[in-house]
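> Please work out how this folds:
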Amino acid sequence: MQERLGVEDHAEWQFEDQLEYGYGRAVPELLRSATEGGADTVKWLEDLGLVWQDTVRTADENNRVGRAHRPAESENYIGSKGISIWLVLYEEAQRQGVTFQMAKMTKIIREADGPVLGVEAEADGAAFTIRARKAVLLGSGGWKSNVRMRMAWDPRLDADLGAGGLPYVDTTGEAVLAAMNVGAGITDMSYVCELRIRWGTAIYQTWEPPTLETVPGGSGLPVSDYHRIIIVKNDGRRFVNEVAASTYPEEPFFDAYLNLKERPRNCWGIVDKDSAAALSWSREAFDNPDPTVTPALSPDRIAVADTLEELAEKIGVPAENLVAEVERYNGFLDTNKDADFNKPGPFFRIDKPPFFAAKLLILAHDQQGGLRANTNGQVLDLNAQVDGDAISIDEEPVIPRLYAAGECVGGYVGARRAHGKISFYMVAARIAGRAAAAEEAL
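Numbers count the residues shown, from 1 in each chain. Alright, predicted model coming up:
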C-alpha cells in the first residue's frame, strides 16, 4: 500500500518513532518484534477477507510518514472501524469450527514451580475447570475499569474517572491478577494508563445493539476549539489553561485535573450562545438528552440557563464565584492575555444567553504496563528477577506453558502509544499463538 502511494517506510523507522514517542520506555525486543511483524499481519488479514482503504493515515504522533492501515467499507462486514477487523477474524474462527464459551476466569492452575495446567472459571453461577492441552494463552484486556486496581498504582485515578469501553467493555484485570498469583512478573505499572476526554456524557461510546454487526458510535459533545470554553471546578473557579486539553498529549491538562484537591471533582465547561453555536452544541440536544444515542448526553451532566446564576445552581457551584470568574475572563479580551493560566488567544466573551454547561469526564483509556512476556509471548517468572543481572527478556526464565498477548501485557510501546494499538496486539498474539501451538501435549 505504501509503495503504491509512493511512501517510503522501514520497520526500523517505526521502531525508532514509537520508541521515542513512548519516552524510551518500550521493551526494545517487544517493540521490534511488533514492528517487524506488521507487514505480514496486514497481508494475513487481507487473505482472510479484510479490504483495506487505498490510503494510509497521514504522518502524526511521531510517525515520520503515514503508515497506519484502516479497513475500507466492504460487503464482508459492516463499517470501516476496528470492529471490522474483529468480525473478519470471528467469521474465520467460525469457519474453522472454533467454539466460544463466555465465562469469567477466576484462577490459573499451576502446581508449585511446574507448568500451567489450565484455568478455573465460572459461568451462569457455576464453577468449572478447563484443562490445557498444550498451554494457556491470556488474550485479555487490562484493568482500566477496575478502580481499586487503578488506585493501587496511582491514587488519583479514583471513581471520578470513567473508563474506555464502558458500558460495553469492562476490563477488570482478572488475567493480570491471576497470572501474578502464579508468579508472573509485571512491567512499567508506574505509568498506569493514558486518558481521554468526554463532555456531557457518562460513557465512552455508544453501541446499540452491541453486536459484531453493529458499528460503535461516539459519545459526548464536540469541542473543536478550546479557546471558546472555560472550565470551572467545584468552587466555580477556573483551574487550567483550557487549550491544553487539545494539545496532544494532553498531560498538563490531565495533571491539573487529577491533582485537584476537591472530591468528587465537579468540573464543567461553560460557553455562551455564540460559542455553543460555533461548537455545534444545540439547545435541542440539551433539552432532549438520550444516553443511548450519540452524543449520549446524560441529564445530570448538562445544563442550560438564561443567567449565570441559574446555571451555577444547576451545576452545583457557588453563583457569586462563577459570575465573578466569567467577568474576570471577559476582561482578558481587553489585554488579550490570560493573567491566571496563560491561555493563548483568541479570547471569546461569555455574555450572551442562554449559557450552556457540560460536565467534564476523564476516562482511563489504555494501560501501557502489564505482564512481562518475551518475544514468543511466554510470561516471565517474577522470582527469577532475584538474580538481578541485565539480560535480554528472551533469556529470562518463563512460567512454563503460560503465554500472553494484548493489553494485559506491558512493554510493547512504552508510556505512550500512537493510535492503532490493534496492530501491536495482533502481531504479538499471532506470535504467541504459534508458539503455544508448537508446545508438546501435556
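
> List the buried residues of stretch 53-72.
The neighbour-count check on stretch 53-72 (16 or more other Cβ atoms under 10 Å) flags V56, R57, E61, N63, V65, G66, R67, A68, H69, P71 as buried. (Glycine included, C-beta is placed from N, CA and C.)

> And the pLDDT at the residue nearest to the third one when sequence neighbours are not counted?
Looking back up the chat, that one is E61. Leaving out its chain neighbours, the residue that sits closest to E61 by Cβ to Cβ, 6 or more residues apart in numbering is A418, at 3.9 Å. As predicted, A418 sits at a pLDDT of 72.

> for the one 3 residues further on, same thing?
Listed pLDDT for K421 reads 80.

> residue ranges of the helices in the stretch 301-442 of the chain, please?
For the stretch 301-442 of the chain, helices defined by DSSP state H, counting those that start in this stretch occupy the ranges 308-315, 319-335, 421-437.

> just to revisit the earlier point, report how many residues lie close to the residue nearest to E61.
Using other Cβ atoms under 10 Å, A418 has 20 neighbouring residues.

> right, and it touches Y21 too?
Yes: counting by Cβ atoms under 8 Å, A418 touches Y21, with 6.0 Å between them.

> Identify the contacts common to these two.
E61, N62 (Cβ atoms under 8 Å, 6 or more residues apart in numbering).

> Just give me the neighbour total for L166.
18.

> My understanding was that it contacts T201; is that so?
No: in this structure L166 lies outside contact range of T201 using Cβ under 8 Å: 10.7 Å.

> Would you list the phi and psi of Y21?
phi -60, psi -30 (degrees, to the nearest 10).

> before we move on, what about K107?
phi -160, psi 140.

> which ones are touching it?
V119, E120, A178, N181.

> Out of the residues you listed, which comes closest to P28?
Using Cβ to Cβ, A178 is the member of those that sits closest to P28, with 27.6 Å.

> Quick check: which element contains the residue nearest to that closest one when sequence neighbours are not counted?
Leaving aside its chain neighbours, A178 sits nearest to I108 (4.6 Å; criterion: Cβ to Cβ, 6+ apart). Under the criterion DSSP states H and E, the helix or strand holding I108 is strand 104-110.

> Alpha carbons of the helix or strand following that strand, as CSV, please.
Using DSSP H and E, the helix or strand that follows strand 104-110 in sequence is strand 116-123. Output in CSV follows, covering the C-alpha atoms of strand 116-123 (Å, rounded to 0.1, in the frame of the first residue of the first chain):
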residue,chain,number,x,y,z
VAL,A,116,0.5,-24.2,33.9
LEU,A,117,-2.1,-26.9,33.6
GLY,A,118,-5.3,-25.0,33.0
VAL,A,119,-7.7,-22.5,34.5
GLU,A,120,-10.7,-22.3,36.8
ALA,A,121,-13.7,-20.3,35.5
GLU,A,122,-17.3,-19.6,36.2
ALA,A,123,-20.4,-19.0,34.1
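
> Show me which positions of strand 116-123 end up buried.
V116, L117, G118, V119, E120, A121.

> again with stretch 307-320
L308, L311, A312, I315, V317, P318.

> Name the nearest of the residues you listed relative to N376.
I315 (52.9 Å).

> give the contact list for that closest one.
N266, W268, A303, A357, K359.

> Which other helices and strands does the worst-scoring helix or strand of the chain on mean pLDDT contact?
Lowest by mean pLDDT, DSSP states H and E among the helices and strands of the chain is helix 82-95, with a mean of 90. With contacts taken as 3 or more Cβ pairs under 8 Å, 6 or more residues apart in numbering; DSSP states H and E, helix 82-95 sits against helix 421-437.

> Put the alpha carbons of the helix it packs on into CSV.
C-alpha atoms of helix 421-437 as CSV (Å, rounded to 0.1, in the frame of the first residue of the first chain):
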residue,chain,number,x,y,z
LYS,A,421,-2.9,-0.3,19.2
ILE,A,422,-4.7,-3.3,17.5
SER,A,423,-1.6,-3.8,15.3
PHE,A,424,0.8,-4.2,18.2
TYR,A,425,-1.5,-6.6,20.0
MET,A,426,-2.4,-8.7,16.9
VAL,A,427,1.2,-9.2,15.8
ALA,A,428,2.1,-10.3,19.4
ALA,A,429,-0.9,-12.6,19.6
ARG,A,430,-0.1,-14.3,16.3
ILE,A,431,3.5,-15.0,17.5
ALA,A,432,2.2,-16.2,20.9
GLY,A,433,-0.4,-18.4,19.3
ARG,A,434,2.1,-20.1,17.0
ALA,A,435,4.5,-20.7,19.9
ALA,A,436,1.8,-22.1,22.2
ALA,A,437,0.5,-24.4,19.4
